[in-house]
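Visitor: need a 3D model of the following:
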Amino acid sequence: MIDDLKNIPIGERQEVRMAAWASGDAFEFDSAEAKAGYQYRAGLLKDAVQLVKTPDRVPVIPMVGHAPISLAGVTGKQAMNDPDVLGKAFLDYAVKYDPDAGGMPLAVGYAPGLEAIDYQLYKWPGHGVKDEHYYQFNEKEYMKADEYEHFINDLTDYWLRVWLPRTCGALAPLVDMKPIYGTMELSMGSFWFVSLGFPHIQEAFKALMEAGKQYYEWFVKVFPYVVQQVGAGYPLYLGGATKAPFDLLSDSFRGTVGSMLDLYTQPENVIKAQEIIAPLLVKHGAESAVANGTPFILMPLHKGDDRFMSKEQFEKFYWPGLKQVILGLIDQGCVPFLFAQGRYNERLEYLAELPKGAVVCIFESTDMARAREVLGGKICIGGGFPASMILTGTPEQVEQETEQLLSVVKGDGGYVLTIGCTMDDARPDTFKAFIRAGKKYGQYRNL
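Guide: A predicted model of the protein is given here:
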């Protein structure tokens, strides 16, 4: 992945990153056939996204989440505690099921590293949920209603000395650490250095170092499996993730109830907080794309659903921040991979404002015929296939559903076939039927 685009005009950066990724020239492959397979699969997605030419067929890219783990017959606890089990499950998924892009095991996480800091933002297998399940978000009001001023005026200080102590039990002592600004002069720095010496703060830093050690050792073992996926000819379609500003504020700071009350009691602070967050979300997404060599950045849209807030609230509180991050990522040469959770029937016209051929939007429960009508020829769409069908249907029903969906949405390009949500569990027979049917009925050669 090209990491320095300063001398490339903003309007050309996305093509530069996409072309470099699709070429596969930065990677080593098992054979010439594997490289050709990589280039073909990556080319399908590139053509579908950019809307310049019609690909040979619809790219079939299930958003697998933890599904490779269940398909491998191992538990979530095993995968989150053994990097070899995790890496092999994702490698086997790519080779055995033959999707047009592989999954990313690094998104699963490592239990010993989380345990080292007593991470409380999530529960995970063997730590709050059953061994065979996967992690579960633990929503609370981690930021109080009267703390917006601190958040807005000094986000880094707030994040380090208030939010982290509330979300990581072992880092709770950091609340007593003095602000770093005293280090500007020797005579002022004593209080900060003394605070670092407090025994309980020393223990917090030891826990943080232990978590870093654990995660580094895990990465060294897992990453070779990612390299093997690519080497076998399966491109990674997600280089990282970021969020809509309102979602970050609501999910991990104020909580759902708190953030919704804030829309009425302190709306200006909600807007100001998002203005502070947005550039950081762009930077985080772009840096992860460079690090992973893939231009696509996942943006799960948690609370833009038609039923979560009114159209007027969406237009005032959700869309401006989201659009700012999307456009910022595009300017950095990235491809925002939006996952519109829930229903987006009333939001489609907003998405139509985005630059042509620069974004992917995957839908869960949106009317796909209307999505094609409003967004066709403007941005690449995807999804619409019910996850329940994979878990409860027969292979024959999956094939029929896939054929019907594609007849509505594939058009003459600009569509990615994926399941309408990230899959934690899957059945081998129906999952294979989904991928097989997608390749069969997603052909464009007869157009």
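Visitor: how about the nearest residue to Val74, chain neighbours excluded?
Guide: Val85 (5.6 Å; C-beta to C-beta, 6 or more residues apart in numbering). Glycine gets a C-beta too; all of them are placed from N, C-alpha and C.
Visitor: and the lengthiest helix in the chain, which residues are buried?
Guide: Scanning the chain for the helix with the most residues, using DSSP state H, yields helix 199-231. Within helix 199-231, the residues scored as buried using 16 or more other C-beta atoms under 10 Å are 201, 204, 207-208, 210-211, 214-215, 218, 222, 225-226, 228-231.
Visitor: do stretch 156-167 as well
Guide: Result for stretch 156-167 [16+ other C-beta under 10 Å]: buried residues Tyr158, Leu160, Arg161, Val162, Trp163, Leu164, Pro165, Arg166, Thr167.
Visitor: just these: which are in strands?
Guide: Among these, DSSP state E puts none in strands.
Visitor: from those residues, which is closest to Gly128?
Guide: For the buried residues of stretch 156-167, the residue nearest Gly128 by C-beta to C-beta is Thr167; the value is 14.2 Å.
Visitor: ok, back up a step: tell me which strands and helices the longest helix of the chain is in contact with?
Guide: Under the contact criterion of 3 or more C-beta pairs under 8 Å, 6 or more residues apart in numbering; DSSP states H and E, helix 199-231 touches helix 83-97, helix 111-116, helix 186-197.
Visitor: redo the ones you listed as CSV? Include mean neighbour count.
Guide: Listed next are the helices and strands packed on helix 199-231 as CSV, based on neighbours: other C-beta atoms under 10 Å:
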stretch, mean neighbour count
helix 83-97, 21
helix 111-116, 20
helix 186-197, 11
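Visitor: now those helices in CSV, with distance to Met260?
Guide: Putting the helices and strands packed on helix 199-231 into CSV (distance: least, C-beta to C-beta, whole Å) gives the following:
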stretch, distance to Met260
helix 83-97, 36
helix 111-116, 29
helix 186-197, 37
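Visitor: distance to Val60 and mean pLDDT added to these, as JSON lines?
Guide: Putting those into JSON lines (distance: least, C-beta to C-beta, whole Å; pLDDT from 0 to 100) gives the following:
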{"stretch": "helix 83-97", "distance to Val60": "10", "mean pLDDT": "97"}
{"stretch": "helix 111-116", "distance to Val60": "32", "mean pLDDT": "97"}
{"stretch": "helix 186-197", "distance to Val60": "53", "mean pLDDT": "88"}
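Visitor: quick one: which of the ones you listed is nearest Lys144?
Guide: Taking C-beta to C-beta, helix 186-197 is the member of those nearest to Lys144, at 22.8 Å.
Visitor: helices and strands around that closest one, which ones?
Guide: By 3+ C-beta pairs under 8 Å, 6+ apart, helix 186-197 packs against helix 199-231.
Visitor: the helix it packs on vs helix 83-97, what angle?
Guide: In terms of direction (axes from the mean of the first three to the mean of the last three C-alpha atoms, to 10 degrees), helix 199-231 departs from helix 83-97 by 30 degrees.
Visitor: mind checking the pLDDT average for helix 199-231?
Guide: Mean pLDDT, helix 199-231: 97.
Visitor: likewise stretch 309-327?
Guide: On average, stretch 309-327 scores 97.
Visitor: can you tell me what sits against that stretch?
Guide: Stretch 309-327 is contacted from outside by 242-246, 260, 263, 267, 270-271, 274-275, 277-278, 281-282, 285, 299, 301, 303-304, 336, 338, 346-347, 350, 353-355, 359, using C-beta atoms under 8 Å, 6 or more residues apart in numbering.
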